[in-house]
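Visitor: Sequence first, then the predicted structure, then my questions.
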Amino acid sequence: MAIFEHMGVYAVTPGMVVMWLIGLTLLYLAISKKFEPLLLLPIGFGILIANLPLTSLMEPGEGLIWRFYHYGIEWEVIPPLIFLGLGALTDFGPLLSQPRLIFLGAAAQAGVYITFFAATYFGFTLQEAASIGIIGGADGPTTIFLTAKLAPHLLGACAVAAYSYMALVPIIQPPIMRALTTQNERRIHMKKGRKISSREKLFFPIAATVIIILLVPASAPLISMFMLGNLFREAKVVERLTDAAQNALLNIVTIFLGVSVGATMNSESFLRTDVIFIFFLGLFAFMVGTATGVLLAKIMNLFTSDKINPLIGGAGVSAVPMAARVVQKLGAEADKKNNLLMFAMGPNIAGVIGTVIAAGIFLTLLR
Amino acid sequence: MAQDVLAALAGNIWKISVEVGDAVEEDDEIFVVEALKMEIPVYAPCDGTISEIKVKKGDAVEEDEVLAIID
């Protein structure tokens, strides 16, 4: 009978079963271990449904999930919308208060570039290597934005690596930050920067948009949306829009993002040795970025009497605000009265912009 | 000589660990402030007695806001 011929049970392959296990593992990590659940739950489920046979969910032109993926990610709509929400959540005060912290955000991007070169050494194409390197920016939407354009076959692996390592930041970063700093350096209390007026916080997103886009036009989709969200917040006259961007929009778009990205992970694209390299290189990128951020802070201290606690350099790896929390914790371990959290937010947020600029540069050179 | 207990950073009062009239020593935990989902303790700047507590649990506080006074 026809209905039995069309049952999916007969079309299951071993590759599919492996992907089910991977999807279920991500679901377990998300639900039971609370590992980045906002992304890893939809991604895990997306993997599961995309690896069930005969569904045409990912059939180009017809499939439901294909449509989410095509119109949301291939058309580069979803990552910028996420940035709109993130911009509405971001307070640039800590960064504007001590602008020199921008350099720490920039330094941590060295993890992206060094990993890019390492990946080319391992045989990846330039476009693939850029997508792998950008994992070190610790920024999910930017990773997805860049990888969808340059190396879409690696999208699933890069996204899962990026979000997994962002969740693992409290484990990855501390050993490196401790190894590169002395107890005395970790005890440094930083002097507060100047108070930033609301007018400055209002002009910043406008100025930043113009300057950054004039310099790196390819970063426009992400930067313009990020700064628009921030402008909503700082203008204080569109609270409804700010609220929508911070909450409903961000949450809705996250749903589509997770499911689409997960659904790209089928056995053909994911069960290859390449993917193991991607996971190792992604970890490498996080580690190098942490180290370069901390090291630049130490170097900057040679030239200033207003000392920077080098730990905050680690927050240039822009997992917001996880990396800043790691800094607070390590700082408080060295001296319980030292509160580095808001200082660490400076490089943390600068790192987001740094990663977007890095992605813009890769796009410009490698498209 | 009265000393102010200041908020180390902006956040919400998560916990008040003392009451008016308590004797405290320098570095005793007086408050816990929540910021970015982290619990950050505020310590006594000196020995003394809590003469006034200006906030209650859940209040949003600014950096350097006076949270309590120690005599």
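Guide: Perfect, thanks for sending it. It should be emphasised that the depicted structure is a prediction, and the values quoted were computed from it without experimental measurement.

Visitor: residues of the longest helix seen in chain A that come out buried?
Guide: Longest helix in chain A, counting residues (DSSP state H): helix A:273-301. Applying a neighbour-count criterion of 16 or more other CB atoms under 10 Å in any protein chain shown, one finds A:274-275, A:277-279, A:281-297, A:300-301 buried in helix A:273-301. (Glycine included, C-beta is placed from N, CA and C.)

Visitor: With stretch A:230-237 instead?
Guide: Applying 16+ other CB under 10 Å to stretch A:230-237 flags A:230-235 as buried.

Visitor: right, is that stretch up against chain B?
Guide: No - Stretch A:230-237 stays clear of chain B (CB under 8 Å from any CB of the partner chain), getting no nearer than 15.3 Å.

Visitor: Mind listing residues that contact that stretch?
Guide: Stretch A:230-237 has contacts (CB atoms under 8 Å, 6 or more residues apart in numbering or on different chains) with A:87-92, A:198, A:201-202, A:204-206, A:238, A:241-242, A:245-246.

Visitor: can you give me the helices in the stretch 201-350 of chain A?
Guide: Secondary structure of the stretch 201-350 of chain A (DSSP state H, counting those that start in this stretch): helices at A:220-235, A:239-243, A:250-263, A:267-270, A:273-301, A:322-334, A:341-366.

Visitor: Show me what the second one is packed against.
Guide: In other words, helix A:239-243. helix A:220-235 (3 or more CB pairs under 8 Å, 6 or more residues apart in numbering or on different chains; DSSP states H and E).

Visitor: same check, this time on the fifth one
Guide: Using 3+ CB pairs under 8 Å, 6+ apart as the contact criterion, the elements in contact with helix A:273-301 are helix A:102-108, helix A:110-121, helix A:126-133, helix A:155-179.

Visitor: tell me the angle it makes with helix A:322-334.
Guide: Interaxial angle, helix A:273-301 versus helix A:322-334 (axes from the mean of the first three to the mean of the last three CA atoms, to 10 degrees): 50 degrees.

Visitor: from the chain's centre, how far out does helix A:273-301 sit?
Guide: Taking CA atoms, centre = their mean, to the nearest Å, one finds helix A:273-301 lying 14 Å from the centre of the chain it belongs to.

Visitor: Equivalent analysis for the third one, please.
Guide: Averaging C-alpha coordinates over helix A:250-263 and over its chain gives two centres that are 14 Å apart (CA atoms, centre = their mean).

Visitor: which stretch of helix or strand covers residue 39?
Guide: As the question left the chain open, I've gone with chain A. helix A:37-50 (DSSP states H and E).

Visitor: wrong one, I was asking about chain B
Guide: strand B:38-43.

Visitor: Skipping its backbone neighbours, what lies nearest the spatially most central residue of chain A in space?
Guide: For chain A, the residue sitting closest to the mean C-alpha position, by CA atoms, centre = their mean, is A:Asp139 at 1.1 Å. The shortest distance from A:Asp139 to any non-neighbouring residue, by CB to CB, 6 or more residues apart in numbering or on different chains, is to A:Thr355 (4.6 Å).
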